[in-house]
Structure formats: C-alpha cells, structure tokens
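Undergrad: any chance you can model this:
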Amino acid sequence: MQWPKASTLVVAALWALGASCLPSTIDPRLLAARCSNTTKIYLQGSSQFNETSERWSVLGAPKVNLVVVPGTENDVAEIVRLADRYNVPFLAYNGVHGSITTLDKMDYGIEIYLGQLSGVEIASDGKTATISGGTNSKVVTDTLWAAGKQTVTGTCECVSYLGPALGGGHGWLQGRHGLIADQFLSMNVVLANGTLATIDAQSDLWWAMKGAGHNFGIVTSVTVKIYPLEQTNWAIETLMFTGDKVEAVYQAANDHLLKNGTQPADLHNWSYWFNLPDVDPNGPVIAMYIIQEGVTAVSPAYTQPFRALGPFSTTPQSGTYRDLAGWVGISLASPPCQKAGLANPRFPIYLARYNTTAQRQVYDLFASATTAPSSPFLDSLFMFEGYSTLGVAAVDAASSAFAYRGIGCWWRRCCRM
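TA: Down below sits the predicted model:
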C-alpha cells in the first residue's frame, strides 16, 4: 500500500482490516495528504495509540478510534476542517488532569494530541513569550527561569500550560499577577469550522477565551506577559496533625493566613487529608503546608499558631520556585501526575474561608469511607488549595469569563490515588 509522505509519516498498519470495525471516521490517508509531513497518525491496536490516548482519569473517559498528532499549528486546522466536513467528533488532548465526566458522551472520533506543539519563545524585549499549545507547565517554568523570567502557570508540573489557563488558571504567582488567563496578550486558535484565527483584546471572542476557552476552540499558541525573576527563594513548613485537630487547624488558617480574603501575595496554604494508619488508625491525618515567597524560612507569624496546636510532625524546607511542586507532591514524578488507570473525580468549590463545622462533617464522612482496611478508597485523599487572591481581585471582573474573582480561590478535591 502506498501512503502519502510514507518516509516521514508514522502510521499504525492494518487500516483496511480495522476500518470495518469502526464507526464512520476519516480515512487516515486523507489526513496524511492534507497535513504536514511531521504529522503522526496512530490507529487502534498500536502501542502509540495506547500511549497517546491513555487518560489520567478513567472515570467518564471519552472514546476515540484515531489519534492524530499535528506537527504544526496549521495541521490542527486541517484536522478540524476535515472532521467538520465529514461530521466526525474530535477532541484535543493536552496533558493530564482532565476529568470532566461529560466527556464520556464522545463514543468515537478523532483525538488531536498536541504533544508535538511544545516550546517557549521569549521576545527580544524580554516582556512577552509565545507558548505553543501543547507545552506543559514545567517546560514553561524551566525555560523562563533559565532566562531570569517567570509568569503565572499551573502548579502541577505535568499539567499543560493552557489546560488550566483557558478556565482562568490558578498558580503560585497569582497573588502578584492575577490568573494565568490574565497574562494573555494574543493567541492563535482553531475554531470549530477549521479556521485558524489570531485573536486579541480587540476580538469579540477574547472575553470568552479567558475563563471559558475550552468551549470555543483549540488554542495552538498564545503570547503572554512575563516578568523579571525578582525572588528566587521560597520556603515551606509542613505541619502534620491527627484528625481530632480539624476545627482548630482550619480556624487557625482563617485567623492567621486567609484574614478575610487578604492573604498576602507572597503566602499560600495547602492541605491534604490522607490515611496513615500507623499514626492515626481512626481517621486521615491532616498535612498543612504553609508556603512563602522570598524567604529561607516561613515567618513564625504564620507558623507559630499552628505549632501551638501540637502537630505530630513539623518539617521546614527552603529552596526555589522550582522546588514547590516536589514539596507538595505534584512534580512530574509524583503520584498525582501518573496515568495509572485510576478514577480521579474532582469537585471544585470556591470558598472565601473555611467553615470549620463543615470541615468536621466532611472529614468524618471521608474517614468513614476510606479508613476500613477493605475499603477501595483507602488510598484516596482530599486536597485544599489556598492561594493569595490579591492579584486576581485586582483585575476587572468584567474583563473575562472567569466567574469567581470576588471569591476566595479554594479548590476542594477528592481524588482516588
């Protein structure tokens, strides 16, 4: 069989054998003819198909029967144009942590895997950078860091830059600069009809792309604001508590960290609940992380109220911005970044402060479902992210589709690890 561009196009074999078993889709030879010679096409049954279509969360996962890996931005437009013409569903894949269960409505179609569109190009003036659509957050951080620059990214190293950004996007630097989406200056986006458009603040679509962007197109590159790297030092103190301290720990967070929405721009708090039966067989332990920028040790003004509660473990650490993901367990090598065939449902809730009564009720429910040795949820965890909201609130709420600027940016998640 003669394939167009056969010397450079990677294609899983036996299309003719598999086609009769698949719903209506697009002949990969047609895609190959329309796309650049750097595009890769994988069919079901190949190891490449399995690797590129594997989901981070298997709960409510979409089903695809053809994977196309575009080599250029225009390739994305060609793929969407053909899918539109032949009425074939398509979905962009871009990293991990996508877990919206409504995606299971897709029961066949094309996966557009953006892994080849990766890179960061810093402008000559050092004030902006153009980030390719498939770039993950760690690549952005490391590339900018090497140039003495930084910008707001998601916190997990394995998550794509644009995945969280198109929904607004929280990160360690949001207390200073706002959300990830607040850094956008322009973008190239493939619309549903296959048009590759460049949009900016003068475009009708701009407001929607900053907060609801996943619904309106596939972003193939984005130009963003970047900033001089002013503070290289960061510090964290990890304080571990038994479950009887739930109310006290989160009241201390309200009183000494959150302070009615005025948590300082250089300060963040995270916490996890997870089981350590050897420490507390009656329920999950609480790991409270207090993180501060520009210091080699977290200020006692923030840590002492928690130390006074009697943690069973206290661990201070110091390093740089690039250590943060490892400290809180979300680096590339950490369990939350692995595709391990697990169900990872997440339920975000925005709260301005912790309701300590509710925290106790939720803790008790979580404990009852996870602590039994035979429980399938024994290795589950609850996760709370508490970033500074000062930079987020400083941006006009009417400037984007992001809906929660006036509310504390807190994520409550329950993950099956």
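Undergrad: okay, CA-based contacts and neighbour counts for the rest of this
TA: Will do.
Undergrad: distance from the chain centre to stretch 387-398, please.
TA: Distance of stretch 387-398 from its chain centroid, counting by CA atoms, centre = their mean, to the nearest Å, is 19 Å.
Undergrad: can you dump the C-alpha coordinates of that stretch into CSV?
TA: The C-alpha trace of stretch 387-398 is given here as CSV (Å, rounded to 0.1, in the frame of the first residue of the first chain):
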residue,chain,number,x,y,z
TYR,A,387,-3.7,30.8,47.0
SER,A,388,-3.5,34.5,47.6
THR,A,389,-6.3,36.2,45.7
LEU,A,390,-5.0,39.8,45.8
GLY,A,391,-3.7,39.8,42.2
VAL,A,392,-6.9,38.1,41.0
ALA,A,393,-9.2,40.5,42.6
ALA,A,394,-7.2,43.5,41.3
VAL,A,395,-8.3,42.6,37.7
ASP,A,396,-11.6,43.9,36.5
ALA,A,397,-14.2,41.1,36.8
ALA,A,398,-15.8,42.2,33.6
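Undergrad: give me the nearest residue to Lys339, chain neighbours excluded.
TA: Trp56 (4.6 Å; CA to CA, 6 or more residues apart in numbering).
Undergrad: so for that neighbour, what's the pLDDT?
TA: pLDDT for Trp56: 93.
Undergrad: so what's the residue most central in space within the chain up against?
TA: Centroid check for the chain by CA atoms, centre = their mean gives Val159 as the closest residue, at 4.2 Å. Applying CA atoms under 8 Å, 6 or more residues apart in numbering, we find Val159 in contact with 95-97, 136-137, 337.
Undergrad: distance to Asn260 and pLDDT added to those, as a markdown table?
TA: Formatted as a markdown table, these follow (distance: CA to CA, whole Å; pLDDT from 0 to 100):
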| residue | distance to Asn260 | pLDDT |
| --- | --- | --- |
| Gly95 | 35 | 86 |
| Val96 | 33 | 89 |
| His97 | 30 | 88 |
| Asn136 | 33 | 96 |
| Ser137 | 30 | 97 |
| Cys337 | 32 | 93 |
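Undergrad: out of those residues, who's nearest Ile110?
TA: Gly95 (16.4 Å; CA to CA).
Undergrad: ok, that closest one - contacts?
TA: Going by CA under 8 Å, 6+ apart, Gly95 touches 115, 134, 136, 158-160, 163.
Undergrad: recalculate using a threshold of 6 Å.
TA: By CA atoms under 6 Å, 6 or more residues apart in numbering, the residues touching Gly95 are 159-160.
Undergrad: beta partners for Pro228?
TA: On the basis of DSSP bridges, Pro228 is bridged to Lys149.
Undergrad: thought it was touching Lys149?
TA: Yes. Between Pro228 and Lys149 there is a contact at 4.6 Å, judged by CA atoms under 6 Å.
Undergrad: these two: which has the busier surroundings?
TA: Applying other CA atoms under 10 Å to Pro228 and Lys149 shows that Lys149 carries more neighbours, namely 20 against 14.
Undergrad: wait, what's in contact with the more buried one?
TA: So Lys149 contacts 227-229 (CA under 6 Å, 6+ apart).
Undergrad: now render these as CSV, adding pLDDT and distance to Gly178.
TA: Output for the contacts of Lys149, formatted as CSV (pLDDT from 0 to 100; distance: CA to CA, whole Å):
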residue, pLDDT, distance to Gly178
Tyr227, 98, 13
Pro228, 97, 16
Leu229, 96, 16
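Undergrad: give me the phi and psi for the closest residue to Tyr404 other than its chain neighbours.
TA: Among residues not flanking Tyr404 along the chain, Tyr350 sits closest, at 7.5 Å (CA to CA, 6+ apart). Main-chain dihedrals, Tyr350, degrees, to the nearest 10: phi -90, psi 120.
Undergrad: helices of the stretch 1-150 of the chain, residue ranges please.
TA: Remark: helices assigned in the stretch 1-150 of the chain by DSSP state H, counting those that start in this stretch are 15-19, 28-34, 47-53, 73-85, 137-146.
Undergrad: return the set of buried residues in the longest one.
TA: Applying a neighbour-count criterion of 16 or more other CA atoms under 10 Å, the buried positions in helix 73-85 are 73-83.
Undergrad: off-centre distance for that helix?
TA: 25 Å.
Undergrad: average pLDDT across it?
TA: For helix 73-85, the per-residue pLDDT averages 97.
Undergrad: quick revisit: considering the contacts of Val159, which is situated nearest to Ala398?
TA: The closest of the contacts of Val159, once distances to Ala398 are taken by CA to CA, is Ser137, at 26.8 Å.
Undergrad: which ones are touching the closest one?
TA: Contacts of Ser137 by CA under 6 Å, 6+ apart are 153, 157, 159-161.
Undergrad: which of these tops the neighbour count?
TA: Counting neighbours by other CA under 10 Å, Tyr161 leads the contacts of Ser137 with 30 neighbours.
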